[in-house]
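**Q** Sequence plus predicted model, see below.
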Amino acid sequence: MTDTLEDKVRRWIRPEVLALKSYHVPEARGLIKLDAMENPYSWPDALKSAWFERLRAIDINRYPDAGARALKARLREALAVPADAALMLGNGSDELIQIIVLALARPGAVVLAPVPTFVMYQQIALAAGPRFVGVPLRADFGLDRPAMLAAIANHQPAVVFLAYPNNPTGNLFDAADVEAVLEAAPGLVVLDEAYHAFAGASFMDRLDRHANLLVMRTLSKQGLAGLRLGILAGAAAWLDELDKVRLPYNVGSLPQASAEFALAHRRVFDEQCRTICEERERLYQALRRLPGITVWPSRTNFLLFRSTGRSAGEIHQALLRDGILIKYLDGAGGVLHGCLRVTIGTPAENASFLSALQKACGAPPAG
Ligand SMILES: *Cc1c(COP(=O)(O)O)cnc(C)c1O
């Protein structure tokens, strides 16, 4: 009876969970938000009205279609899913990662990924029980093939996650290295193609060739981050089992209908993605010319850059004072020392970012 509340919490919450840090989402109100790989464009008014009309027809008193059949049919066509592959939907791809890891979390199971990469692979592994093994990327952010193959042989991972392209480095791994991982991995290999819309490369058409391959997509980075829709494609033999771990109504009626609507109008989003890619190239060239900045080419909707002069922490703070929020990665250490990540915004947002960065680096503002 003398237990304090804190004692009780420490006694009953699992130690693995006590040791975790929550995923930190910074307050962005009033700031130019270039930290989370969102599409900066909202929908044209006419499209919004048509969308609301579509939503009006939903009987919100009813449960959603647990199998999301209409939406899946549209996704198959839009994503060019091979005819004999199955589909599973998640509340964002984050939930799909969670479902995969939960289903594979036998005692002693290992989740493996190159690092640095998307932090949720590790976060979810630790919360669900498996051990996480991170294999450092090469200095050029490519997969270290011998190290990956050695770690796979050594740890026999239940699942290998490969972000293709990788976040936060922005590059596509060499397809031959990915193939080598697919050949060597004893369990599943999940290709996380969250940035597919900006990358122009995919393993979707190789699903038939690899029985242990699952391809994951999301609508988040394309302009529907608020919707929360992740998509997993692969052999029915895998997905039928994973589906038992999925909560039956994980994708609500509003997201289902909204995603269907958006896919029917996907030329709007494709156009936005093209604009974002053009802006990415402009911003990349501008950053390349900036003294004290090293920037890497990107196949995503963000750019990774390193400050070789002022510390990345100081630059992050200086940008915040100018009303611009980007992602500070320096704390991640290793190959990311001195690094920051900026999401591609509208041309006006990118111009604000660039002039604030020039100021923060102490360079004279251009023209
Ligand atoms: C952003 C991101 C995700 C998360 O996508 P959601 O569908 O919004 O959960 C998954 N993987 C990678 C590599 C990402 O960068």
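**A** Cool, the structure landed.
**Q** Quick check: phi and psi on the residue nearest the centre of the chain?
**A** Geometric centre of the chain, nearest residue: A194, 5.0 Å, by CA atoms, centre = their mean. A194 has phi and psi values of phi -60, psi -30 when expressed as degrees, to the nearest 10.
**Q** mind listing what it touches?
**A** Applying CB atoms under 8 Å, 6 or more residues apart in numbering, we find A194 in contact with 93, 118, 163, 167, 216-218, 220-221. Placement of C-beta: from N, CA and C, glycine included.
**Q** now do P82
**A** Contacts of P82 by CB under 8 Å, 6+ apart are 204-205, 207-208, 233.
**Q** Not counting the helix ranked longest in the chain itself, show me its contacts.
**A** Using DSSP state H, we find that the single longest helix of the chain is helix 266-288. By CB under 8 Å, 6+ apart, the surrounding residues in contact with helix 266-288 are 39-41, 43-44, 47, 78, 197-198, 222-224, 262, 293, 295, 297-298, 301, 303, 305, 342, 344-347, 350, 353-354, 357.
**Q** Tell me the buried residues within the residues you listed.
**A** Among the contacts of helix 266-288, those classed as buried by 16 or more other CB atoms under 10 Å are 39-41, 43, 78, 197-198, 222-224, 262, 293, 295, 298, 301, 303, 305, 342, 344-345, 350, 353-354, 357.
**Q** picking that back up, describe which strands whatever helix or strand comes next after the longest helix of the chain pairs with in its sheet and in which direction.
**A** Sequence order places strand 293-295 as the next helix or strand after helix 266-288, per DSSP states H and E. Within its sheet, strand 293-295 is paired with strand 302-307 (antiparallel), according to DSSP bridges.
**Q** Report whether the partner strand contacts the ligand.
**A** No. Applying CB under 6 Å from any ligand atom, one finds strand 302-307 separated from the ligand by no less than 8.9 Å.
**Q** Report the backbone C-alpha coordinates of whichever helix or strand comes after that strand in PDB.
**A** Sequence order places helix 312-321 as the next helix or strand after strand 302-307, per DSSP H and E. Output of helix 312-321 as PDB, limited to C-alpha atoms (Å, rounded to 0.1, in the frame of the first residue of the first chain):
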ATOM      1  CA  ALA A 312      24.000  21.500 -37.000                       C
ATOM      2  CA  GLY A 313      22.300  22.300 -33.700                       C
ATOM      3  CA  GLU A 314      23.000  26.000 -34.100                       C
ATOM      4  CA  ILE A 315      21.700  26.000 -37.600                       C
ATOM      5  CA  HIS A 316      18.600  24.200 -36.600                       C
ATOM      6  CA  GLN A 317      18.000  26.800 -33.900                       C
ATOM      7  CA  ALA A 318      18.800  29.800 -36.200                       C
ATOM      8  CA  LEU A 319      16.200  28.500 -38.700                       C
ATOM      9  CA  LEU A 320      13.600  28.100 -35.900                       C
ATOM     10  CA  ARG A 321      14.100  31.700 -35.000                       C
END
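**Q** Quick one: distance of helix 312-321 to the chain centre.
**A** Offset of helix 312-321 from its chain centre (CA atoms, centre = their mean, to the nearest Å): 24 Å.
**Q** Hey, what's the angle from that helix to strand 302-307? Just curious.
**A** With axes from the mean of the first three to the mean of the last three CA atoms, to 10 degrees defining the directions, helix 312-321 sits at 120 degrees from strand 302-307.
**Q** So which elements touch helix 312-321?
**A** In this structure, helix 312-321 packs against strand 327-328, strand 339-343, helix 347-361, with contacts taken as 3 or more CB pairs under 8 Å, 6 or more residues apart in numbering; DSSP states H and E.
**Q** could you say what helices and strands the second one packs with?
**A** Using 3+ CB pairs under 8 Å, 6+ apart as the contact definition, the elements that strand 339-343 packs against are strand 302-307, helix 312-321, strand 327-328.
**Q** partners of the last one in the sheet?
**A** With DSSP bridges as the criterion, the sheet partners recorded for strand 327-328 are strand 339-343 (antiparallel).
**Q** which residue sits closest to V178, ignoring its sequence neighbours?
**A** Leaving aside its sequence neighbours, V178 sits nearest to L162 (CB to CB, 6 or more residues apart in numbering; 6.2 Å).
**Q** next one: the one helix or strand the one you found maps to to chain centre, how far?
**A** Secondary structure from DSSP H and E places L162 in strand 159-163. Centre-to-centre, strand 159-163 and its host chain are 12 Å apart (CA atoms, centre = their mean).
**Q** Show me the contact partners of the next helix or strand after it.
**A** Next along the chain after strand 159-163, taking DSSP H and E as the criterion, comes helix 175-184. The contact list for helix 175-184 (CB under 8 Å, 6+ apart) reads 142-143, 145, 148-149, 152-153, 160, 162, 164, 189, 191, 201, 203, 210, 212-213.
**Q** The residue of the stretch 251-367 of the chain found nearest the ligand: how many residues sit nearby?
**A** Taking CB to the nearest ligand atom as the measure, the stretch 251-367 of the chain has T300 as its residue closest to the ligand, at 7.9 Å. Residues near T300, counting by other CB atoms under 10 Å, number 29.
**Q** Which residues are in contact with it?
**A** Contact partners of T300, counting by CB under 8 Å, 6+ apart, are 37, 165, 167, 170, 195, 198-199, 221.
**Q** Am I right that Q122 is in contact with F132?
**A** Yes. Counting by CB atoms under 8 Å, Q122 touches F132, with 4.5 Å between them.
**Q** Common neighbours of these two, please.
**A** What both Q122 and F132 touch, as defined by CB under 8 Å, 6+ apart, is the set 111, 113.
**Q** What residues does the stretch 101-250 of the chain have near the ligand?
**A** Residues of the stretch 101-250 of the chain lying near the ligand (CB under 6 Å from any ligand atom): 118, 163, 167, 192, 194, 218, 220, 225, 230.
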